[in-house]
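Asker: Provided below for reference: sequence and predicted model.
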Amino acid sequence: MYCDLHNHLYGCLPAETLFRIGKENPEPRWHIYVDAFEKAYGIKTQPKSFFEDYADIKKFKSLYHFKEKAPFLNFQAKFNLIIALIQFHEKEIREISRDVVLSHALTDVSYAEYRLMFSKDELPDAYYRKLIACCEGLAEGEAKAKSEGKFIEARLVMSIHRDLYFERHYDWMKNWMVKDTFLRKYLVGIDFCHIEEGFPPKDKKHFFNQIIKDNKAETSTALSILYHVGESFREKSPFSAVRWIWESAENGAHRLGHALALGISPDFFLAEERTELVSERLDQIHFDLENYDSILEFGSYFSKEDLNVERNLLKTKINNDQITMMMDSIKIRYLQTFQNFIMSKIAQTNSIIECCPSSNLYIGMLENLPDHPIARFYDNNIKITIGSDDPGLFDTNLKREYEKAHESGLDEKSLSEIQRNSFLYTSPILSGREIIDLNQGQVN
Ligand SMILES: [Zn+2]
């Protein structure tokens, strides 16, 4: 039996289903898709004849499936096809939730958490109705699976926006959960996804504290905090990308989405010139100096003197200026040290890293699966789970993701352990809603 703790409900849609939904939609939102797709892939699609042009499902799949190594913006351009073709009304949300749950139950997934995101400006009434529609669909999916002799528990995690209204949407959900036992049963966490660049975890510290306080005050409505971080980090140095992952864990994120920067081989960055804001570099130097002796226990690193000189120089610059960092062979060694230091710190927390091999291979633009950090995480005693992320788009399923983790270097025994332990990393357990006896439950 499998437990899928990282997937996005609409990213689960098979190509055939998306095509059908789009064709039935009287007004697809082409403006979301056409230009972004042309910009990313140089292909101009014609809304007028789209469903004739791509009637051959193989052709449609070539537009939809994301199986190439390309940056997050290309992935987003393909995800936009989903956003453009769906209607996102209650009936559709309910049906999709039901069908996705059933299809997962039929592939031996017995517990899954599905992430869903509404638009920033959704009004409370519509937000609530869609939320309930999704929960009803999940419940219907569970019941349908049962009638076919399969057991699955399906739960909902709401993705909220990094930039706007995240506190407001959280407050709405908490208030509704107090009154609505059905919603309380299915809604188990909140998530931050989408573009992470420009949204440092330190800005969410206060908000995370509030959630953790609320969770302790009333466990029956506790929500887990899930946080995509270290997946896409072009705008900063790998050192800062690793520190962001630590800051997310330190702030109390229960599960970290991807965290690739933490474990990817430092050689991946060799000879790259990276840029970042002066303020970001200053944050990093501050962190380095505060933890200097502990970092050194993990290998060679910048000298304290150099860090101080650089800091004093940067203080004369404007925070929004950019600095460049050449990732030469010495810095590659330092990065190895820094990654190992942060991994040892994360291993001492209760944070879990969610690895999604296909997604990481393509969006992370890894050369091949052995470059995936999952085995390195495992060897560093970090708690990990394996998720399918957007199995419809990546043309995969959870079983195949376990096979890919195997190709990444984990043996069968380690994989079985991850598979079993994943059931201990569910949102209700991590948020404190469900109490388990770890001595009884932990399977090593
Ligand atoms: Zn994700």
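Answerer: Perfect, I can see it now.

Asker: okay, now the unreliable bits of this protein?
Answerer: Where the chain drops to pLDDT under 70, the residues are 437-444.

Asker: over to the residue of it most remote from its centre: give its phi and psi.
Answerer: Distance from the C-alpha centroid of the chain peaks at residue 305, with 37.5 Å (CA atoms, centre = their mean). Main-chain dihedrals, residue 305, degrees, to the nearest 10: phi -60, psi -50.

Asker: how about the contacts made by it?
Answerer: Residues in contact with residue 305, defined by CB atoms under 8 Å, 6 or more residues apart in numbering, are absent; none qualify. C-betas here are computed from N, CA, C, even on glycine.

Asker: how far away is it from residue 315?
Answerer: As judged by CB to CB, to the nearest Å, residue 305 and residue 315 stand 16 Å apart.

Asker: residue 31 - nearest residue in space that isn't next to it in sequence?
Answerer: Excluding its sequence neighbours, the residue lying closest to residue 31 (CB to CB, 6 or more residues apart in numbering) is residue 84, at 7.9 Å.

Asker: and what of residue 253?
Answerer: Taking CB to CB, 6+ apart as the measure, residue 253 lies nearest to residue 227, with 4.0 Å between them; neighbours along the chain are not counted.

Asker: over to residue 406?
Answerer: Leaving aside its chain neighbours, residue 406 sits nearest to residue 415 (6.1 Å; criterion: CB to CB, 6+ apart).

Asker: surely the one you found meets residue 402?
Answerer: Yes: A contact is recorded between residue 415 and residue 402 when judged using CB atoms under 8 Å, the distance being 5.8 Å.

Asker: residue 175 in helix, strand or coil?
Answerer: Under the three-state scheme (DSSP: H, G, I helix; E, B strand; the rest coil), the conformation of residue 175 reads as helix.

Asker: residues contacting it?
Answerer: Not one residue lies near residue 175 by CB under 8 Å, 6+ apart.

Asker: same question for residue 184.
Answerer: Residue 184 makes contact with 177, 178, 220, 221, according to CB under 8 Å, 6+ apart.

Asker: and if you look at residue 137?
Answerer: With CB under 8 Å, 6+ apart, residue 137 has these contacts: 93, 94, 95, 96, 97, 98, 101.

Asker: now render those residues as TSV, adding distance to residue 332.
Answerer: What follows is the contacts of residue 137, written out as TSV (distance: CB to CB, whole Å):
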residue	distance to residue 332
93	47
94	51
95	50
96	45
97	45
98	49
101	45
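
Asker: so can I have JSON lines of those showing secondary structure and neighbour count?
Answerer: Output for these, formatted as JSON lines (DSSP: H, G, I helix; E, B strand; the rest coil; neighbours: other CB atoms under 10 Å):
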{"residue": "93", "secondary structure": "helix", "neighbour count": "25"}
{"residue": "94", "secondary structure": "helix", "neighbour count": "21"}
{"residue": "95", "secondary structure": "helix", "neighbour count": "16"}
{"residue": "96", "secondary structure": "helix", "neighbour count": "25"}
{"residue": "97", "secondary structure": "helix", "neighbour count": "27"}
{"residue": "98", "secondary structure": "helix", "neighbour count": "22"}
{"residue": "101", "secondary structure": "helix", "neighbour count": "27"}
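
Asker: circling back: what about the residue farthest from the centre of the chain, distance to residue 294?
Answerer: Between residue 305 and residue 294 the distance, using CB to CB, works out to 18 Å.

Asker: again with residue 281
Answerer: 20 Å.

Asker: which one of the two has more residues nearby?
Answerer: Neighbour count, other CB atoms under 10 Å: between residue 281 and residue 294, residue 281 has more, with 24 against 11.

Asker: in what helix or strand does the more buried one lie?
Answerer: Counting by DSSP states H and E, the element that carries residue 281 is helix 278-290.

Asker: what residues of that helix count as buried?
Answerer: Neighbour counts using 16 or more other CB atoms under 10 Å place 278, 280, 281, 282, 283, 284, 285, 287, 288 of helix 278-290 among the buried residues.

Asker: re the thing from before, list only those of the contacts of residue 184 flagged as buried.
Answerer: Among the contacts of residue 184, the ones that count as buried by 16+ other CB under 10 Å are 177, 221.

Asker: now, which of the contacts of residue 184 lie within strands?
Answerer: In strands, judged by DSSP state E, none of those are found.

Asker: on that earlier part again, pick the one among the buried residues of helix 278-290 closest to residue 372.
Answerer: Sorting those by how near they are to residue 372, with CB to CB, puts residue 284 at the top with 25.2 Å.

Asker: got a list of what that closest one touches?
Answerer: If you count contacts by CB under 8 Å, 6+ apart, then residue 284 has 237, 239, 240, 243 around it.

Asker: same check, this time on residue 260
Answerer: Here residue 260 is in contact with 230, 231, 360, 364, 373 (CB under 8 Å, 6+ apart).

Asker: among these, which lie within helices?
Answerer: Taking DSSP state H as the definition of helices, those contribute residue 360.

Asker: which two of the contacts of residue 260 have the greatest separation?
Answerer: Pairwise distances among these were taken by CB to CB; the largest, 11.9 Å, belongs to 231 and 373.

Asker: buried set for the one helix or strand residue 418 maps to?
Answerer: When secondary structure is defined using DSSP H and E, the element that contains residue 418 is helix 412-421. Buried residues in helix 412-421, counting neighbours by 16+ other CB under 10 Å, are found at 414, 415, 417, 418, 419, 421.

Asker: circling back to that earlier point, after the helix holding residue 281, which helix or strand is next? Please name it.
Answerer: helix 292-296.

Asker: restrict that following helix to CA atoms and write it as PDB.
Answerer: C-alpha atoms of helix 292-296 as PDB (Å, rounded to 0.1, in the frame of the first residue of the first chain):
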ATOM      1  CA  TYR A 292      30.600  29.400  12.000                       C
ATOM      2  CA  ASP A 293      32.200  26.800  14.300                       C
ATOM      3  CA  SER A 294      29.400  24.300  13.800                       C
ATOM      4  CA  ILE A 295      29.700  24.600  10.000                       C
ATOM      5  CA  LEU A 296      33.400  24.000  10.100                       C
END
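
Asker: now do the buried residues in it.
Answerer: Residues of helix 292-296 classed as buried: residue 295 (neighbour count, 16+ other CB under 10 Å).

Asker: pull the distance from that helix to the chain's centre.
Answerer: How far helix 292-296 lies from its chain's middle: 30 Å, per CA atoms, centre = their mean, to the nearest Å.

Asker: nothing else from me, thank you.
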